[in-house]
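Colleague: next comes the sequence, and after it the predicted model I'd like to discuss.
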Amino acid sequence: MWLNPDQMNSLLYWDNPRDSGIACGSVLVCLLAVRYISLISVIGNLSLALVTATMSFRIYKSVLAAVNKTQEGHPFKQFLDIDVTLPADKVAEITDALFNKLNSILAKLKSVLLVENVLESLKFAVAMYVMTYIGALMNGLTIVTLVWVGYFSLPRVYRDNQKQIDEAINPLKSKLDDLQAKLQSALPASIVGKKEE
């Protein structure tokens, strides 16, 4: 039931377009549906469509077996045998990883908000200022939809055009690093948060 890293990369890089299309498309349809209809209606309608389709298929297979006088059994037998329980060790592992990430985010947020390092706090302030404009342009669901589409498209685009993208990004990254180093050296150590040795 859990995807290992190889399976996840296979989905994201579209190695098997059918599986990637199902994974990307189903969530994308749900996100777009929730944009226009309430979440409860979307869940209700999708569940109703699923149970109607499976019931119709089961009846069809039963009638077909009766007409042909065969004993095929349950058409969803292979899916009924799948174990869908969540293993306790995997849940504990995910929970631990989640809380470790949350604790590191909270520590970083405390550092930024209490101005432990001026440059980090300035970067955070600029990012939050940009976020106000993004928030004025679109809502959270639109951002989630764009992130989902990017999650399935950008890895493949980067892999196919890695050389050109790296050639375009590296000069910008080096200039940004130089600017940050200049700002760091121009500010006094007491403001930047460096410790005197």
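Modeller: Okay, I see it.
Colleague: and Ser20, how many neighbours?
Modeller: 17 (other Cβ atoms under 10 Å). All C-beta atoms are positioned from the backbone trio N, CA, C, and that covers glycine.
Colleague: quick check, it in contact with Leu11.
Modeller: Yes - contact status for Ser20 versus Leu11: in contact at 5.1 Å, counting by Cβ atoms under 8 Å.
Colleague: give me the common contacts of those two.
Modeller: Phe152 (Cβ atoms under 8 Å, 6 or more residues apart in numbering).
Colleague: what mean pLDDT does the helix or strand harbouring Leu50 have?
Modeller: For Leu50, the host element (DSSP states H and E) is helix 39-68. For helix 39-68, the mean pLDDT works out to 90.
Colleague: from Leu172, how far off is the residue located most distally from the centre of the chain?
Modeller: What lies farthest from the middle of the chain is Lys69; by Cα atoms, centre = their mean that is 48.4 Å. Computed as Cβ to Cβ, to the nearest Å, the Lys69 to Leu172 distance reads 71 Å.
Colleague: that older thread, export the next helix or strand after the helix holding Leu50 as PDB, just CAs?
Modeller: For helix 39-68, the following helix or strand on the C-terminal side (DSSP H and E) is helix 77-80. Provided in PDB are the C-alpha atoms of helix 77-80 (Å, rounded to 0.1, in the frame of the first residue of the first chain):
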ATOM      1  CA  LYS A  77     -11.400 -11.000  -5.500                       C
ATOM      2  CA  GLN A  78      -7.800  -9.700  -6.100                       C
ATOM      3  CA  PHE A  79      -8.700  -6.300  -4.500                       C
ATOM      4  CA  LEU A  80     -10.500  -7.900  -1.600                       C
END
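Colleague: which residues are in contact with helix 77-80?
Modeller: Defining contact as Cβ under 8 Å, 6+ apart, one finds that helix 77-80 is touched by His74.
Colleague: how far off centre is that helix?
Modeller: Centroid displacement of helix 77-80 relative to its chain, using Cα atoms, centre = their mean, to the nearest Å, is 29 Å.
Colleague: looking at it now, give me its mean pLDDT.
Modeller: Across helix 77-80, pLDDT averages out at 82.
Colleague: same check on stretch 154-174?
Modeller: Averaging pLDDT along stretch 154-174 gives 92.
Colleague: tell me the buried residues in that stretch?
Modeller: By neighbour count on 16 or more other Cβ atoms under 10 Å, the buried set for stretch 154-174 is empty.
Colleague: just stretch 38-48 next, same as before
Modeller: Quick answer for stretch 38-48 (16+ other Cβ under 10 Å): Val42.
Colleague: figure out how far that stretch is from the centre of its chain.
Modeller: Per Cα atoms, centre = their mean, the displacement of stretch 38-48 from the mean C-alpha position of its chain is 22 Å.
Colleague: could you dump it to CSV, C-alpha only?
Modeller: Written as CSV, here are the backbone C-alpha positions of stretch 38-48 (Å, rounded to 0.1, in the frame of the first residue of the first chain):
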residue,chain,number,x,y,z
SER,A,38,-18.4,21.8,-1.5
LEU,A,39,-16.0,19.1,-0.2
ILE,A,40,-18.9,17.1,1.2
SER,A,41,-20.7,17.1,-2.1
VAL,A,42,-17.5,16.0,-3.9
ILE,A,43,-16.9,13.1,-1.5
GLY,A,44,-20.6,12.1,-1.7
ASN,A,45,-20.8,12.2,-5.5
LEU,A,46,-17.4,10.5,-6.0
SER,A,47,-18.3,7.7,-3.6
LEU,A,48,-21.8,7.3,-5.2
